[in-house]
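Visitor: 3D, please:
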Amino acid sequence: MKNDKQSSNHSSGKKKRYSRGLPVFNPSAAGIDIGDTNHSVAINDDSGGFEVREYGAFTKDLTDIVCWLKEEGITTVAMESTGIYWLNLYLLLEEAGIEPYLVNARHVKNVTGRKKDDTDSIWLQKLHSCGLLQKSFQPEEDIRKLRTYIRQRKKLIQRGADCVRHMQKAMKLMNLKLHTVISDILGKTGLLMVEAILDGERNPEELIKLKDSRIKASDEEIRMSLEGIWREEYLFMLEQAYEGYKFYQSQIHACDEKIRTQLLSQAALVLEGDITELDMRRKKKPRKNQFNFNARNLMKVIVGVDLCEVDSLSEISVVELISEIGTDMNKWPNSKHMAAWLNLAPNTKITGGKIISSKMQKKKNHAGQTLRMAASTLSQSKSPMGDFARKMKSRLGKKGGVVATAHKLSRIIYTMIKLQQPYNVDIVAHAQNEWKNIRINYLEKQLKQLKEYA
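Guide: The predicted structure is shown next:
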């Protein structure tokens, strides 16, 4: 009876069947171990083994790798995302019609034993031939080009901001308190006064004549703030910082022109060359760090929908976001996968049926950071998305609320681009009204219970 009982218990368990061995899905696959000075390439030979060749990292060597792989009939190649060494080989493989797989180094564990370039390339080839590697996201060529310009522009803005901080430090060393009486030394009044000081003007009475009529500070306050200690070394620091700021501003304008040309070319492809209806006018007075051209209309043509209609998304944010994710939403199965790629979802780990960790991954994602910056401003908005941001902030705290709101924005953007639908604020408002009604009913019940016990 005991044995019968044990056999019945075993039969009630869930059954899973597994095939023996690892099936080969990519027989014409290769693995490449990327390095700064050499590349190790591994492919299958005809006898069930591997053939490994070592190449240098010069352009001629990269061309030889591609030619050899084409001769061997290789259709797909796996390589680790090591620094930026993979980029040129990746582009050459893509142009040759060989599908490159850029894989995360964390997903590829080294085979046990001695670590060598040839064994690493063989291990990559084994994993890739069995279909065990996941392809990292890479946008199309046009989007990749736009991304390069956008990232360069962001770096230039950061360097320009460093120069502004150096200007402020030099003025503090000279005890010039101009930054305390006007809101922005980069405005019309601030720049004119800095230029006059560098030209040799020291008299506050002459400097105050450069004051703009919109400045709210009184003449006496500005006069006192311009009485400084004029030391030669601090004036030199101010001059260096100011020249650096002007240089980076000219670099940003040149970068804006490249971005405008790239967006026009992408819009022309969508419109089949007819760009007569596009707004080509320049902005007379663009805001600080904003484009000097109308990027919103161009992005509307490229994307198919106006993402600037979404609360907290400016044209700068939209261009930065599209330059990172592109316009093809088919690269993600659904909006949840895209939110996870943006690092806007917890990295849940489950073992034994229990959640052991749900921390966010420590990785840098430019598109996810853009959405977080946009979400951080929504708590001050009176829109339905602002209500959602405040609800998440009260429930999860400031940091968690920003991530949850950015997650919501990513799903809205995915749906808009995927289905080519405009932003429908009524859907968000309806969800918020339902939550408010549930909250009101809950508080009314609580109040009723308190009255009964009173």
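Visitor: Could you look up the SS state of residue 300?
Guide: Secondary structure state of residue 300, per DSSP: H, G, I helix; E, B strand; the rest coil, is helix.
Visitor: Give me the distance between the residue sitting nearest the centre point of the chain and residue 89.
Guide: The centre of the chain sits closest to residue 366, judged by C-alpha atoms, centre = their mean, with a distance of 1.6 Å. Between residue 366 and residue 89 the computed distance is 23 Å (C-beta to C-beta, to the nearest Å). The C-beta positions use only the backbone N, C-alpha and C, and glycine is treated the same way.
Visitor: again, but for residue 428
Guide: Distance of residue 428 to residue 89, computed by C-beta to C-beta: 45 Å.
Visitor: more crowded one of those two?
Guide: residue 89 (23 against 19; other C-beta atoms under 10 Å).
Visitor: Please, which helix or strand holds the more buried one?
Guide: helix 87-95 (DSSP states H and E).
Visitor: Please apply the same query to residue 101.
Guide: With DSSP H and E as the criterion, residue 101 is inside strand 99-103.
Visitor: So what touches the next helix or strand after that strand?
Guide: Moving toward the C-terminus from strand 99-103, the next helix or strand (DSSP H and E) is helix 117-129. Contact with helix 117-129 is made by 24-27, 29-33, 35, 38, 40-44, 50, 52, 54, 76-80, 101, 103, 108, 110-111, 113, 133, as judged by C-beta atoms under 8 Å, 6 or more residues apart in numbering.
Visitor: count of residues packed around residue 251?
Guide: Using other C-beta under 10 Å as the criterion, residue 251 is surrounded by 17 other residues.
Visitor: Ok, residue 187 next?
Guide: Residue 187 has 14 neighbours, counted by other C-beta under 10 Å.
Visitor: so who does the closest residue in space to residue 252 that isn't next to it in sequence touch?
Guide: Nearest residue to residue 252 in three dimensions, chain neighbours excluded: residue 156, at 5.0 Å (C-beta to C-beta, 6 or more residues apart in numbering). Residues counted as contacts of residue 156 (C-beta under 8 Å, 6+ apart) are 248, 251-252, 255.
Visitor: now the stretch 1-150 of the chain, which segments are flagged as low pLDDT?
Guide: For the stretch 1-150 of the chain, residues meeting the criterion pLDDT under 70 lie at 1-21, 109-117.
Visitor: Would you map the helices across it?
Guide: Listed in chain order, the helices of the stretch 1-150 of the chain (DSSP state H, counting those that start in this stretch) span 2-11, 59-71, 87-95, 117-129, 141-173.
Visitor: Comparing those, which comes out most buried?
Guide: Compared across the helices of the stretch 1-150 of the chain, helix 117-129 shows the largest average neighbour count, a mean of 22 (mean count of other C-beta atoms under 10 Å).
Visitor: Just the C-alpha atoms of it, please, in PDB.
Guide: In PDB, the C-alpha atoms belonging to helix 117-129 read as follows (Å, rounded to 0.1, in the frame of the first residue of the first chain):
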ATOM      1  CA  ASP A 117      41.100  34.300 -27.700                       C
ATOM      2  CA  ASP A 118      40.600  31.100 -29.700                       C
ATOM      3  CA  THR A 119      38.600  29.300 -27.000                       C
ATOM      4  CA  ASP A 120      36.400  32.400 -26.600                       C
ATOM      5  CA  SER A 121      35.700  32.600 -30.300                       C
ATOM      6  CA  ILE A 122      34.900  28.800 -30.400                       C
ATOM      7  CA  TRP A 123      32.600  29.300 -27.400                       C
ATOM      8  CA  LEU A 124      30.800  32.100 -29.100                       C
ATOM      9  CA  GLN A 125      30.400  30.000 -32.200                       C
ATOM     10  CA  LYS A 126      29.000  27.100 -30.200                       C
ATOM     11  CA  LEU A 127      26.400  29.200 -28.500                       C
ATOM     12  CA  HIS A 128      25.400  31.000 -31.600                       C
ATOM     13  CA  SER A 129      25.000  27.800 -33.700                       C
END
